[in-house]
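Peer 1: Please work out how this folds:
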Amino acid sequence: MAENFQISKEMQAVIGWESSPWDCEVTATSVRAFARGVGYTDLVYYDVETAKKAGYRNLPAPPTYLGTPIFIPGKSDDYLPFPPDSMPPLEHGLTGLLDGGTETEYFETICAGDTLTCVNKLASLNTKESKGLGTMLIMSTEATYTNQDGKVAAIQRAQVILY
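Peer 2: Here you go, the predicted structure:
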């Protein structure tokens, strides 16, 4: 339990940090798999003709699905397809981790065939007191997904709670 945890000047200096860009592919197979995995039954996620009749250029990405990061040996994390620097370099010493939630704001329609380039940014650091966990560090990030046409397709905001 972190009873007297404080955000240091070194940690504050990291706010605004941005990761290296990485690419995420949106394929017909991944759209169908994601839709099936979360229980969507709307045929626009499975059948190209149905999607086109509904006004999409291909199968649309289901809500919150922003493609599959491309794994490149030697460049990606050993266990995840993201680059090793996809999260900010914070020295906080906290070992507990909770998901604080994620929201996605869309600016463009994302469909199978798109490639999105993502850059993650540390937006803010705050602390909050918890009776059970002590002082918690709330790390807020913003991941910007730009499509192959250079347009921002989505911004995903997330909170990570460290304690």
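Peer 1: Okay, buried residues for the longest helix seen in the chain please.
Peer 2: Ranked by residue count under DSSP state H, the longest helix found in the chain is helix 28-38. Residues 28, 30-32, 34-35 are the ones in helix 28-38 that count as buried (16 or more other Cβ atoms under 10 Å). Where you see a C-beta, it was placed from the backbone N, CA and C, and this is true even at glycine.
Peer 1: So which elements touch that helix?
Peer 2: Helix 28-38 sits against no helix or strand, with contacts defined as 3 or more Cβ pairs under 8 Å, 6 or more residues apart in numbering; DSSP states H and E.
Peer 1: Following it in sequence, what is the next regular element?
Peer 2: Where DSSP states H and E defines the elements, the next helix or strand beyond helix 28-38 is helix 48-53.
Peer 1: For that following helix, what does the pLDDT average out to?
Peer 2: The pLDDT scores in helix 48-53 average 98.
Peer 1: Rounded mean pLDDT for stretch 117-135, please.
Peer 2: 94.
Peer 1: What are the buried residues along it?
Peer 2: 117-118, 120-123, 125, 133-135.
Peer 1: Same list (these) but as CSV, adding secondary structure and distance to A13.
Peer 2: Formatted as CSV, these follow (DSSP: H, G, I helix; E, B strand; the rest coil; distance: Cβ to Cβ, whole Å):
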residue, secondary structure, distance to A13
T117, strand, 26
C118, strand, 23
N120, strand, 17
K121, strand, 14
L122, strand, 10
A123, strand, 15
L125, strand, 10
L133, coil, 26
G134, strand, 24
T135, strand, 20
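Peer 1: Identify, from these, the entry nearest to P69.
Peer 2: Minimum distance to P69 across those is 7.6 Å, recorded for C118 (Cβ to Cβ).
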